[in-house]
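# Turn this into a structure:
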Amino acid sequence: MRAEEHVELFLPDISQQLTLAWLPFVRVDCCESWNTCTITVVDYTRLVMAFDVRALSSQIASMAVYLAHQEPDRQQRRQAAMRAWEATSDEWQKASSTIEQSSLGFITALPLEDPRLSFPPSSVPAEYHVVATDGSQIEPERHGIAPYIVLNVGWAHLRYGSTSEARFGSEPTVRYRTEDLEFTLEGRRVPIQEELLATLRTAFERRKLADLLENLDTSVPCLGLVDGSLLDLNLSNRREEIPEALIEDLHTQLSRIRCSGHVLVGYISRPASREVVNFARWSECSDRPVMACRRCSSLQRYGQRACGALDGFLDADLLLPRLPLYHRSTIFRSLQRVQQYYGEHRIYCFYLNVGTELARVEIPEWVALDSARLALVHALVADQCRRGSYRQRVLGYPPALIEAHEQAVVSAEDRRLFAALLERQMTQAGLHLVTSAKALSKQWRAI
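Next up is the predicted model:
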């Protein structure tokens, strides 16, 4: 609408068209019958988004020019990175031994075979299941009318073959008791929020996946899928804030999945990992046979590391050009510190060319070292990516994860409905509702 333009609405629709934030900029005139009203914009110049993208246009143009100027240098460094990759791969066993015994300043992964190998998928079983889970939450809000956490686990079960079937659902949980909102460790109370809430949600997701897999007969192959990494870095980064019971619960769910007789996969779309790139640094290191990044001789003498040509590149930059469609890389074992908390469920990975991108596929040790299970995972994940599409677009992304996400997501409207229901129930219980001044300010603009 422009200034002096207006539109007639039925009163029940006003709440959907007019927010409190608009009121300083519009005039609302109701007719005598109170069945309709007219909304007139009186100050269109102020009826704009607070974030003015137009003000960034010159900076965005400068950004594009900068990236274009960097491209020739990046191409030269890419060739150097490829040469380093080839040189390291020629002696991959020696490189692996050196890296495992060295003190590095970066995270790397070691190949179980020649890292230049690629493997085609085996044939897809005539019948198979895919079960996927995903999760989301409503975070604790100190400006709200009550302390609470909402966790929602979405799930999808797809069956392919002569008996096709699709089932979906979600399991929401609200946590509001004091012991539900805090972890207690040796007398300390740690609020469950941000990364800690993500770890708690992961436990809920794994438990639901274990429940679903345990109810499926092993006579038909089944793939258990989760969105993202199987490694929870919070177990090492924030270990002192996570109770032992939660770590044991995560381990228990992985054991249940293993005992179900089915396979487990963590699927990472467009991974930002650099572990394979870091493995290739071995051939460039100036301190071999021992790699000691904290005492890098090149850095001390010349002000830059000998392996600096690999900076800024991802695993996909090295591996995607080498993998034909739906082929996988060799298996890599990550050396991340968090692996110590996974025991027999230590996580390995391989990379898969799905056509639109390179995906990282994470698997537990009991899948990675079992050739039959590994072949099944490769075949089923590749088939899922082959089938993946959304609104007529081919994405190369597993449809089971798409559906689980749709079930898990908590939309803005869901949040409003939950808040309204909570407010009504608390009012009926005779509770006095208190909202912070900041929360109120977001509903009504004073200027």
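# So the nearest residue to Glu284 once chain neighbours are set aside versus Leu181, what's the distance?
Closest residue to Glu284 apart from its sequence neighbours, by C-beta to C-beta, 6 or more residues apart in numbering: Cys307 at 4.0 Å. (C-beta placed from N, C-alpha, C; glycine too.) Applying C-beta to C-beta, to the nearest Å, the value for Cys307 to Leu181 is 46 Å.
# what's the answer for Ile268, then?
In terms of C-beta to C-beta, Ile268 sits 30 Å off from Leu181.
# Please apply the same query to Tyr348.
Tyr348 is 36 Å from Leu181, by C-beta to C-beta.
# Ala203 now?
Taken as C-beta to C-beta, the span from Ala203 to Leu181 is 16 Å.
# just for the protein, where's the confidence low?
Residues of the chain meeting the criterion pLDDT under 70: 1-50, 389-394, 439-447.
# next helix or strand past the longest helix seen in it?
Longest helix of the chain, by residue count under DSSP state H: helix 57-90. Using DSSP states H and E, the next helix or strand after helix 57-90 towards the C-terminus is helix 92-100.
# Which elements pack onto that following helix?
Under the contact criterion of 3 or more C-beta pairs under 8 Å, 6 or more residues apart in numbering; DSSP states H and E, helix 92-100 touches strand 109-111.
# partners of the strand it packs on in the sheet?
strand 332-334 (antiparallel) (DSSP bridges).
# can you give me phi and psi for Ile257?
Phi and psi for Ile257, reported as degrees, to the nearest 10, are phi -60, psi -40.
# close enough to count as contact, it and Leu209?
Yes. Ile257 is within contact range of Leu209, at 6.5 Å (criterion: C-beta atoms under 8 Å).
# Quick check: neighbours shared by those two?
224, 264 (C-beta atoms under 8 Å, 6 or more residues apart in numbering).
# Only the buried residues of the longest helix of the chain, if you could.
Residues of helix 57-90 classed as buried: 77-78, 81-82, 84-85, 88-89 (neighbour count, 16 or more other C-beta atoms under 10 Å).
# Now do it against helix 92-100: the angle between them, please.
If you take axes from the mean of the first three to the mean of the last three C-alpha atoms, to 10 degrees, helix 57-90 sits at 120 degrees to helix 92-100.
# Work out the gap between helix 57-90 and the centre of the chain.
Its chain's C-alpha centre and that of helix 57-90 lie 26 Å apart, by C-alpha atoms, centre = their mean, to the nearest Å.
# and that helix, what other elements does it pack with?
helix 315-319.
# The helix or strand just after the helix it packs on packs against which elements?
Downstream of helix 315-319, the next assigned helix or strand under DSSP H and E is strand 328-329. Counting contacts by 3+ C-beta pairs under 8 Å, 6+ apart, strand 328-329 packs against strand 118-119, strand 347-353.
# let's see it at 6 Å
strand 347-353 (3 or more C-beta pairs under 6 Å, 6 or more residues apart in numbering; DSSP states H and E).
# can you pull the buried residues of the strand it packs on?
So for strand 347-353, counting by 16+ other C-beta under 10 Å, buried means 347-353.
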